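Visitor: Please work out how this folds:
(2 chains)
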Amino acid sequence: MLLDSMLLIWLGLGCAAFVLPAQRAVLNSCRFVSMFAALLTFLLAVFYSHTSSWSFDIKLLPDHLFFAVQFDALSRFFVALLSLSTMAVSVFSHSYFQHFTLKQQKLIQTALPIFILAMLMVFTASNTLTFLFAWELMTLSSYFLVVFHHADKSIRRAGFLYLGIAHLGFLGIASAFFLLGSLTLTQVSANSIFVLVLLGFSAKAGLFPLHIWLPEAHPAAPSPVSALMSGIMLKTAIYGLIRFSFYWLLAYQQAWWGYSLIIMGLASMLIGVIHAALQTDMKRLLAYSSMENIGFIAVSLGFAIVLYQYQQYMLSNVALLVVLLHSLSHSVFKSLLFLSTGSILHATGERNLGKLGGLIQKMPWVSACALIGCLSMAGLPLFSGFISEWLYLRIFFAQNATAHLDFVMLSSVIVAISVLVFALAGFVIVKYFGIAFLGQARESQLSHAKPASWYERISLAWLAVWSLLIGLYPMPFITTLQTLLRGISTQFNLPQARPFTLAWPQQAAYHNGFLPLLLLTSIFLAIMLIFLLIRRYAMPSIQRNSLWGCGFNVMTPRMQETSEGFSQPFKIIFAKLIQTKLVLPKAEDTNPHYSAQVKERIWSLFYDPLRHSVFFIVALTKWVQQGKIAIYLTYMALTLLVLLIGVLWL
Amino acid sequence: MTDNTLYANILFTLQGLMVIACAPLLLGCLRMLKSWSQNRSSASLFQPYFIFFKLLIKTPIVAHDTSWLFRFAPYFYVACLAALAFVVPIFLYRGGLATYFDVIVIVGIFALARIIMLLAAMDVGNAFASLGARRELFIACLVEPVLLLVLLNLGLITHDLTLGHISYVLIQNGILHPGLAFSLCAFVCVLLAENGRFPFDNSSTHLELTMIHEAMVLEYSGRYLALIEWGNALKLTVFLLLFITLFFPCGLAVQLSWHAVLLGLVSTVAKLLGLLILLAAAESLQAKVRLFRVPEYLGVALFLALLGIILTQLTGVMA
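Guide: Numbers count the residues shown, from 1 in each chain, chains lettered A, B, ... in the order given. You can find the predicted model right below:
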């Protein structure tokens, strides 16, 4: 019953904010209660280990329709992932939304708990009705949060795009469930179910080519909402894909399912990271980086399926481990980064990287936490992203070359692309952190930036601690996930590893592995030793002076590297993969200015022709709509006549 | 190999300390060879040490508005590379920490050290330092995949990803695998690019528009610069030792006996000297390429590394 009451609490929160008058006290107490609700969700996910299911009838519905929820190991993992970010977001939003108008706050306090409730229901749904209802609820509530600043036309467009693609996806998922429930499954129907599922969930996950809503919708929403959308909502698609391919359709699984996931994932990774490197808006940058990470998760899932089909169960198990582990670490560090962006936005009112700078002086807490998030995102050792990348790279290495040579060959190419993407992710974080937090303030109003409030600091620190914990001591997480995976198939039986070592299974002879704590200790010891030695011999003091001005006497902050300039080399070498619109000044211009706009190729190659063809068809058929009532009455009479003839004739 | 683990551990520690201590010597040696090959008279072999102590006793000048990151980064940089010094071998076939840090982690540590330095360069807020950072990052993004692919290929050939095991198998079997040839070429590119050598970068230039790595550390002075210089020397040494371990490990001691260790030391020193002579010759004969030609070189390196892996998979892996 615990889960039911959890759902009811979130529902109640949303309804309360909707019904009660929009007063500051009411909204504040709503936010306080949501903090406790988040804490309860977290405790439930961590400590409630019974796998059980409940169902509850709603009398208004017909008899065979009822809501049912369950709480098995997979649901529990995803609920835990949800609760981690939700806790941070609910604490963060306590201070973040204070400066919004009361009406806006009321909208957010209504939609946000409903959004969380919907995601909770998606993760725990045990029948079709619950899943689809929750899925639609999730889309709608997040739509209202996306178009929150609806006075802006571009935001309304972004919201519309999001709604459109989400419903395309819904169509796919709903028909997949219909096929799953109504047929006796055969291989053909299982295949068609998978195609529909892939369509549906890739629309939600933002996988290539249905990713176009992602970089539009994430920046439009307020930062805590983007944190939830990117951290958790994208994972609902991963959850759905795992449920379909490894739980319900495992007996019918095919290798080409995995191949299609790998192809889509690789394309998303590459396009995501290149565009992330070229963005100047912080939230767009993070949105593209989410696309890259989701692509990585999809590739791993594809590997899990392919390797399962090739009977390499140990590797398939590790690939699934990568899927879950990276989902966890991505949700933590991406929420962290979106919330840090929110803090910057709150303090400076500026979202454009090129107008920030020097925030490490003004906001030391935020910058320290954001640094941890950035280093995790770059997949560097000691931080959370590295663990999944380590396991992922070792999968390639351990493949059995004699059995499936074609796949092994293919995976060499895949590994080359993946490591290129991992390296470019490093570029993205240096750009994000280096331009926003480091250097000198590029605009004068940044000197008024005030440090983040304690609520914001606590929520950022909470996520940063988890990010470090996964990076430094990953074994408990891996062990927990392994018990989960053992429930999927009896073939998944990795041996238990030693507690502090991230080790590769089946290599008893050479006890190798990776000890993050050992690395931390050795680096720490080395720093201490060097510091002491230097102290012993060097002058202790430092002298502060102005910058070296390259021979100029005056260096202004405006002379620093801009975010456009920083990614210029990549704009040149990846020119084939992107579309740039340059506006160059002419010699006779009195007020010359230069602008460059980077767009995705897919718009001009696919979506724009699609839109034009739709408009073309509409233009052809629009004479049907004459706008006179007489004409429409004629249509009705004609239709009736045709139908009557049809009935008589048949 | 032996039961005498204490003895082995002492040797491992000694080996790591030796890498750290001798790194500037290697740089001095390279500069000496380069001077000779360019028909100049050379500074002392120990010049890098003299410069180090000179920098150490000077008061560092730090720009206004720099944060803790700027002052902390050099320590972190050297500490990361010092940890790597305990992974690569000089006389024994593996370093002390080699079992715990496999090649993926080695690449990761290089990346971590580099990114911290890049962030420190951005911290200054000097147009010039960030220019250097962006160029360095641009090259690094293309180098890192190549390095990882080369190391993965070696791992595929020898069935394990730790450096110790790779060199052990290579020594025992004396493998000359066709896939190795491609990896070797790719690794040479990586070694040159990663250490700021010709044709990618000129480590001794003082022309602003051509600098990459040196521009990045332009604002550093005093003890911080001393540390960075030591770190750069250490990086070059670690890369050269990696080169030896991966491609020419014969001669390294696999048993703990005096003459084996001595032989290992002598052979490594000889190989290092040979490499330095080649490096000096290459640096004297080549011109630096334009920045936007660099991706072409590194693209070729990436394809060579990939070809190496594909060839290894095609021809099958030996024991």
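
Visitor: so which strand or helix has residue 224?
Guide: Since no chain was named, I'll use chain A. Using DSSP states H and E, the element containing A:Pro224 is helix A:223-228.

Visitor: Correction: the question concerned chain B.
Guide: helix B:222-247.

Visitor: quick one: average confidence on that helix?
Guide: What helix B:222-247 shows for mean pLDDT is 90.

Visitor: Check stretch A:466-482 too.
Guide: 87.

Visitor: Show me what counts as buried in that stretch.
Guide: A:466-468, A:470-472, A:474-475, A:477-478, A:480-482 (16 or more other C-beta atoms under 10 Å in any protein chain shown). From N, CA and C alone the C-beta is placed, and that goes for glycine too.

Visitor: what's near enough to touch A:Tyr310?
Guide: Going by C-beta atoms under 8 Å, 6 or more residues apart in numbering or on different chains, A:Tyr310 touches A:Ala255, A:Ala403, A:His404, A:Phe407.

Visitor: let's go with 10 Å and repeat that
Guide: A:Ala255, A:Gly258, A:Ser316, A:Gln399, A:Asn400, A:Ala403, A:His404, A:Phe407 (C-beta atoms under 10 Å, 6 or more residues apart in numbering or on different chains).

Visitor: Point to the residue nearest the middle of the chain.
Guide: Let's take chain A. For chain A, the residue sitting closest to the mean C-alpha position, by C-alpha atoms, centre = their mean, is A:Ser230 at 3.2 Å.

Visitor: wrong one, I was asking about chain B
Guide: Geometric middle of chain B (C-alpha atoms, centre = their mean) lands on B:Phe239, at 2.6 Å.

Visitor: ok, that residue to A:Leu102 distance?
Guide: Distance, B:Phe239 to A:Leu102, by C-beta to C-beta, to the nearest Å: 62 Å.

Visitor: Also A:Ser331?
Guide: Taken as C-beta to C-beta, the span from A:Ser331 to A:Leu102 is 31 Å.

Visitor: out of the two, which sits in the busier spot?
Guide: A:Ser331 (28 against 13; other C-beta atoms under 10 Å in any protein chain shown).

Visitor: Apart from its chain neighbours, what residue comes closest to that one?
Guide: Of all residues not flanking A:Ser331 in the chain, A:Gly231 sits nearest, at 4.0 Å (C-beta to C-beta, 6 or more residues apart in numbering or on different chains).

Visitor: again, but for B:Tyr220
Guide: Per C-beta to C-beta, 6+ apart, closest to B:Tyr220 is B:Ile228, 5.8 Å.

Visitor: how much space between A:Ser595 and A:Thr580?
Guide: A:Ser595 is 10 Å from A:Thr580, by C-beta to C-beta.

Visitor: tell me the secondary structure for A:Leu582?
Guide: Put simply, A:Leu582 is strand when judged by DSSP: H, G, I helix; E, B strand; the rest coil.

Visitor: Next up, the contacts around it.
Guide: A:Leu582 touches A:Tyr594, A:Ser595, A:Ala596, A:Gln597, counting by C-beta under 10 Å, 6+ apart.

Visitor: mind redoing it with 6 Å?
Guide: A:Leu582 is in contact with A:Ala596, counting by C-beta atoms under 6 Å, 6 or more residues apart in numbering or on different chains.

Visitor: Retrieve the pLDDT associated with it.
Guide: Taking A:Leu582 on its own, its pLDDT is 81.

Visitor: B:Ile175 too?
Guide: pLDDT, read off for B:Ile175, is 65.

Visitor: just B:Val294 next, same as before
Guide: pLDDT, B:Val294: 84.

Visitor: what about it, neighbour count?
Guide: 24.

Visitor: any idea which helix or strand carries it?
Guide: helix B:294-315.

Visitor: other SSEs contacting that helix?
Guide: On a contact count with 3 or more C-beta pairs under 6 Å, 6 or more residues apart in numbering or on different chains; DSSP states H and E, helix B:294-315 meets helix A:405-437, helix B:127-158, helix B:178-194.

Visitor: quick one: which of these is nearest B:Ile61?
Guide: helix B:127-158 (14.2 Å; C-beta to C-beta).

Visitor: What angle do helix B:294-315 and the closest one make with each other?
Guide: 10 degrees (axes from the mean of the first three to the mean of the last three C-alpha atoms, to 10 degrees).

Visitor: any idea of the mean pLDDT in helix B:127-158?
Guide: pLDDT averaged over helix B:127-158 gives 86.

Visitor: ok, now stretch A:486-503?
Guide: Mean predicted lDDT for stretch A:486-503 stands at 69.

Visitor: what's the next secondary structure element after the helix or strand A:Leu84 falls within?
Guide: For A:Leu84, the element it lies in under DSSP H and E is helix A:73-96. Later in the chain than helix A:73-96, the nearest helix or strand by DSSP H and E is helix A:102-124.

Visitor: For that following helix, name the packing helices and strands.
Guide: helix A:2-19, helix A:24-47, helix A:73-96, helix A:128-146.

Visitor: The residue nearest to A:Ser331 reaches A:Ser85, doesn't it?
Guide: Yes - in terms of C-beta atoms under 6 Å, A:Gly231 counts as a neighbour of A:Ser85; the distance is 4.4 Å.

Visitor: Overlap of the contact sets of those two?
Guide: Contacts common to A:Gly231 and A:Ser85, judged by C-beta under 6 Å, 6+ apart, are A:Ser331, A:Ser335.

Visitor: would you list every one of the helices in the stretch 151-300 of chain A?
Guide: A:153-182, A:187-205, A:214-220, A:223-228, A:234-242, A:255-278, A:282-309 (DSSP state H, counting those that start in this stretch).

Visitor: Show me which residues of the first one are buried.
Guide: Of the residues in helix A:153-182, those scored as buried under the neighbour-count criterion (16+ other C-beta under 10 Å) are A:155, A:158-163, A:165-166, A:169-170, A:172-177, A:179-180.

Visitor: quick one: contacts of the helix holding B:Val294?
Guide: For helix B:294-315, using C-beta under 6 Å, 6+ apart, the contacting residues are A:401, A:408, A:412, A:416, A:573, B:139, B:142, B:146, B:149-150, B:153, B:156-157, B:178-179, B:182-183, B:185-186, B:189, B:200.
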